[in-house]
Every structure is written in structure tokens, then in C-alpha cells.
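Engineer: Structure, please.
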Amino acid sequence: MNSYCIVPAQWAATAWRDLLPKIESIRLLALCTRRTDDVEEPSFRQRLRTDIWEIPIVEITWRR
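Structural biologist: Predicted coordinates for the structure are as follows:
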């Protein structure tokens, strides 16, 4: 059994597609709340579609 902590990203769908049938559990470790004021990079700030969003930090356990 493996356990790996990740922050979900756009690549997650591709990276986890083959592992989906092997997932035994997904546990929410934390929920990070971000706000527009937290973002310092102007190019990223311009692409935001909301003022507040949450990022789940999860632990995924799967079998080999």
C-alpha cells in the first residue's frame, strides 16, 4: 500500500487516471482558503475568476 500527499492541480486527471481503480481511500488533511489579496503576481491575479477560493490538501492511499 502506498500513501502520497498531493495538492491537486490540472495535471492530476492525467496523473491519477490509471490509478483510480487502485485508490483505497482519500482523506482531507486541510482546506486552505486563498484570497485575491494573497496573490502578488499581477498576471496570475488578472486570471482569477473569484475573490476567495479553497484548495483541498488530500492524502490518497492506493494499492500497487
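Engineer: all contacts plus neighbour counts: C-alpha atoms, from now on.
Structural biologist: OK.
Engineer: For beta bridges, what are the partners of the spatially closest residue to Leu19 that is not a sequence neighbour?
Structural biologist: Leaving out its chain neighbours, the residue that sits closest to Leu19 by Cα to Cα, 6 or more residues apart in numbering is Trp62, at 7.6 Å. Per DSSP bridges, the residues bridged to Trp62 are Asn2, Ile23.
Engineer: so how far is Glu41 from Trp62?
Structural biologist: Distance, Trp62 to Glu41, using Cα to Cα, to the nearest Å: 36 Å.
Engineer: neighbour-wise, which of the two wins?
Structural biologist: Trp62 (17 against 8; other Cα atoms under 10 Å).
Engineer: what's the burial count for Asp38?
Structural biologist: Neighbours of Asp38 (other Cα under 10 Å): 10.
Engineer: Then Gln10?
Structural biologist: Using other Cα under 10 Å, Gln10 has 7 other residues around it.
Engineer: do Ile60 as well
Structural biologist: Counted with other Cα under 10 Å, the neighbours of Ile60 add up to 16.
Engineer: Pretty sure it sits against Lys22.
Structural biologist: No: the criterion here is Cα atoms under 8 Å, and Ile60 misses it with Lys22 at 10.3 Å.
Engineer: What mean pLDDT does the strand or helix carrying Arg34 get?
Structural biologist: Element membership for Arg34, per DSSP states H and E: strand 23-35. Mean pLDDT, strand 23-35: 94.
Engineer: Beyond it, next helix or strand please.
Structural biologist: In N-to-C order, the element after strand 23-35 by DSSP H and E is helix 42-47.
Engineer: buried sites along the strand holding Arg34?
Structural biologist: Ile23 (16 or more other Cα atoms under 10 Å).
Engineer: mind checking how far it is from the chain centre?
Structural biologist: 7 Å (Cα atoms, centre = their mean, to the nearest Å).
Engineer: Just the C-alpha atoms of that strand, please, in PDB.
Structural biologist: C-alpha atoms of strand 23-35 as PDB (Å, rounded to 0.1, in the frame of the first residue of the first chain):
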ATOM      1  CA  ILE A  23      -7.400   4.000  -4.800                       C
ATOM      2  CA  GLU A  24      -8.400   2.700  -1.400                       C
ATOM      3  CA  SER A  25      -9.000   6.000   0.400                       C
ATOM      4  CA  ILE A  26      -8.900   9.800   0.100                       C
ATOM      5  CA  ARG A  27      -8.500  11.800   3.300                       C
ATOM      6  CA  LEU A  28      -8.900  15.500   3.600                       C
ATOM      7  CA  LEU A  29      -5.900  16.800   5.600                       C
ATOM      8  CA  ALA A  30      -6.500  20.500   5.300                       C
ATOM      9  CA  LEU A  31      -8.600  23.100   3.400                       C
ATOM     10  CA  CYS A  32      -6.600  26.200   2.500                       C
ATOM     11  CA  THR A  33      -8.500  29.400   1.900                       C
ATOM     12  CA  ARG A  34      -6.900  31.800  -0.600                       C
ATOM     13  CA  ARG A  35      -7.900  35.400  -1.400                       C
END
